[in-house]
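Student: give me the fold of what follows.
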Amino acid sequence: MKITQEQLRVRQSWSLDEKIEWSLRRIRIWYDYWEGKIYVSYSGGIDSTVLLHLVRRRYPDVPAVCVNGLLFPETRRFVHQTSNVVVLPPDKPFHVTIREDGWPVVSKKVSRYIWDLRRPSSANDDTERLRLTGITKDGRKLPMMKLSKKWRFLVNAPFPISHKCCLYIKERPLDRYAKESSRVGLDGIMACDSDARRMTYMATGCNSYHAGRPVSRPLSIWMPGDVWAYIKREKIGYSPVYDMGYTRTGCVYCPFGAHLEEQPNRFQRLQITHPRLRKYCMEKLGLRDVLIYIGIPWRWKEKEA
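Tutor: Got it, this is the predicted structure:
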């Protein structure tokens, strides 16, 4: 049964205790359905840390699975200190991915649409029309499938752009683990994270049994404040990078969403907290040129790291 926007809004307004009970029920249903053959997709971020704690309240032996792609060194240490964690390598290193496929910029959706428009051999006339106008070959209007005019200039960017980074850094390693272990996953995604995640929750609910990769998202109705409240209430440890001012602990060099951040943004902050990492990504990987082209500030106080 599909969930309405109003139903989601009501659930997001529940108390923390109500959300905890809701999530624990979804976890129990998922565990029972798959006869205990489940795992938690674990990044070392606060969302997956809370999810892992909730799961292990009832099922302490459930493994956590982390792909060691581009984690902050502090987050990597935090992950390794967590019990019963399986650490997987990425399918393709980040520096190889951006060279062979392209940079992940703005969002996965924008990067995918630019990828389509820049590759006429794989993107036929129908796809090109859809990305530029939002109109299908049979005349239907699908504005969500159109590349925003704001980002059209990226089609002519002097560097490659791709949506495939997550495929190599996260999706394929987790898919392979799921296949080899016969386990199905839970992840800490929340509906409030993005429009795409909100729409996914409204279409499938927390537990999606029939997707290409079945997945449970028991924190779907939570809000960021709930996550921090749970951490403080339960006195859960978390990655130290949050105390350095970062609001996300994903791939260090990923530009997704950086254009939305107030200054100092994640890359300006790297200048302060991890100058060697910043020097590597700006100079060796070429991220500086990417950020300049997009218009994302990359220096803090006009001073090179």
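Student: backbone torsions only: list them for the closest residue to Pro104 other than its chain neighbours.
Tutor: What sits nearest to Pro104 in space, not counting adjacent residues and going by Cβ to Cβ, 6 or more residues apart in numbering, is Cys165, at 4.3 Å. The way it works is simple: take the backbone N, C-alpha and C, and place the C-beta from them, glycine included. The phi and psi values for Cys165, taken as degrees, to the nearest 10, are phi -60, psi -50.
Student: can you tell me how far Cys165 sits from Leu117?
Tutor: For Cys165, the distance to Leu117 equals 18 Å [Cβ to Cβ, to the nearest Å].
Student: can you give me the neighbour number for the residue nearest to Pro104?
Tutor: 26 (other Cβ atoms under 10 Å).
Student: give the full set of residues in contact with it.
Tutor: Phe94, Thr97, Ile98, Asp101, Pro104, Cys251, Cys254 (Cβ atoms under 8 Å, 6 or more residues apart in numbering).
Student: so which elements touch the helix or strand that the second one is a member of?
Tutor: In this case it means Thr97. Using DSSP states H and E, the element containing Thr97 is helix 94-100. Applying 3 or more Cβ pairs under 8 Å, 6 or more residues apart in numbering; DSSP states H and E, we find helix 94-100 packed against helix 165-166.
Student: quick one: the residue nearest to Gly295 when sequence neighbours are not counted from Arg140, how far?
Tutor: Spatial nearest neighbour of Gly295, chain neighbours left out: His259 (7.4 Å); criterion: Cβ to Cβ, 6+ apart. Distance, His259 to Arg140, by Cβ to Cβ: 30 Å.
Student: tell me how many other residues crowd Leu52.
Tutor: 24.
Student: how about it, what does it touch?
Tutor: Leu52 touches Val40, Tyr42, Ala64, Thr82, counting by Cβ under 8 Å, 6+ apart.
Student: what of Gly250?
Tutor: With Cβ under 8 Å, 6+ apart, Gly250 has these contacts: Ser43, Gly45, Leu70.
Student: and which of those is nearest to Gly245?
Tutor: For these, the closest approach to Gly245 (Cβ to Cβ) belongs to Gly45, at 14.8 Å.
Student: does the closest one touch Cys251 like I think?
Tutor: No: applying Cβ atoms under 8 Å, one finds Gly45 not in contact with Cys251, separated by 11.1 Å.
Student: these two: which has the busier surroundings?
Tutor: Gly45 (24 against 21).
Student: check the more buried one and give its pLDDT.
Tutor: Gly45 is assigned 95 on the pLDDT scale.
Student: so who does it touch?
Tutor: Thr75, Gly188, Ser239, Arg248, Thr249, Gly250.
Student: and the furthest pair within those?
Tutor: Thr75 and Gly188 (14.1 Å).
Student: so which of the contacts of Gly45 sit within helices?
Tutor: Thr75 (DSSP state H).
Student: with the contacts of Gly45 in mind, which one is nearest to Ser111?
Tutor: Distances from Ser111 to the contacts of Gly45, taken by Cβ to Cβ, are shortest for Gly250, at 15.1 Å.
Student: what about the nearest residue to Leu167 once chain neighbours are set aside, how many neighbours?
Tutor: Residue nearest to Leu167 in three dimensions, not counting chain neighbours: Asp91, with 7.7 Å by Cβ to Cβ, 6+ apart. Using other Cβ under 10 Å, Asp91 has 18 other residues around it.
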